[in-house]
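A.B. asks: generate coordinates for the sequence data below:
(one chain, ligands or ions: 1)
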Amino acid sequence: METGMLHLHSLLRWVILLLLLLGLIQAFGKKESIKSTSLWLMIAAHTMLLIGIYQWVAGRYGILNGLPENVPSLMKDSFYRFYWVEHPLLMVVAITLITLARGKAKLLNFKNTGWLLLIALIFILVAVPWPFREAGAGRAWFPGM
Ligand code: HEM
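C.D. replies: Numbering: from 1, shown residues only. Got it, this is the predicted structure:
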């Protein structure tokens, strides 16, 4: 189950990125179809939040396992600092922005929706463990690769 969750978490990133791009085009193009895009985006983002919390707590590098003996301090270890602090924190902010954007989109407030989605996109791009990320935190482009 754990591998399945990780694969889903990895794959859903692409769904979120595509929906964010689509939502941005719609928001700045003042198209009402952003109402449904923002709903799917919020569902995907909240699913990501739930899987993320599970991994963060009970996953293979989850806090229930504690820090390995060779890692005396969380903030001095770039791998654990990334997965325990930086990645979750930035992603929670991004998911909050996506949720706020959905609220605005429902009211057809396209301009604010666009800015919220743009900032969420930047946070996600910064916080995803891309393959080129340093200190062993980088992961594959697609699950199972
Ligand atoms: C839009 C939100 C998010 C995106 C796009 C995202 C993306 C990713 C990606 C691409 C990976 C690497 C998966 C792989 O190994 O192939 C990952 C791993 C991870 N994410 Fe997220 N994530 C998000 C939200 C969260 C949240 C909110 C949390 C925690 C509360 C979280 C916790 C984790 C943890 C702990 C791992 C490492 C899991 C492991 O290696 O066992 N993520 N995330």
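A.B. asks: burial of the residue in the chain positioned nearest to the ligand, as a residue count?
C.D. replies: Nearest to the ligand in the chain, going by CB to the nearest ligand atom, is Gly52, at a distance of 2.4 Å. All C-beta atoms are positioned from the backbone trio N, CA, C, and that covers glycine. Applying the criterion other CB atoms under 10 Å, we find 19 residues in the vicinity of Gly52.
A.B. asks: that one against Leu89, yeah?
C.D. replies: No. Look at Gly52 against Leu89 with CB atoms under 8 Å: they stay out of range, at 11.1 Å.
A.B. asks: still on that earlier bit, residues contacting the residue of the chain closest to the ligand?
C.D. replies: Applying CB atoms under 8 Å, 6 or more residues apart in numbering, we find Gly52 in contact with 9, 88, 91.
A.B. asks: do you know how far the first one is from Ser36?
C.D. replies: Here the criterion is CB to CB, to the nearest Å. By it, His9 lies 24 Å from Ser36.
A.B. asks: these two: who's more crowded?
C.D. replies: When neighbours are counted by other CB under 10 Å, His9 and Ser36 differ, and His9 comes out ahead with 19 against 12.
A.B. asks: what pLDDT does the more buried one get?
C.D. replies: pLDDT, His9: 98.
A.B. asks: I figured it hits Gln55, correct?
C.D. replies: Yes. With contacts counted by CB under 8 Å, His9 reaches Gln55, the gap being 6.6 Å.
A.B. asks: now do the residue nearest to Leu90 when sequence neighbours are not counted, the pLDDT please.
C.D. replies: Using CB to CB, 6 or more residues apart in numbering and skipping the chain neighbours, the partner closest in space to Leu90 is Ala127 (3.7 Å). You'll see Ala127 listed with a pLDDT of 98.
A.B. asks: next secondary structure element downstream of the longest helix along the chain?
C.D. replies: Ordering each helix of the chain by length in residues (DSSP state H) puts helix 2-28 first. Proceeding N to C from helix 2-28, the next assigned helix or strand is helix 34-58, under DSSP states H and E.
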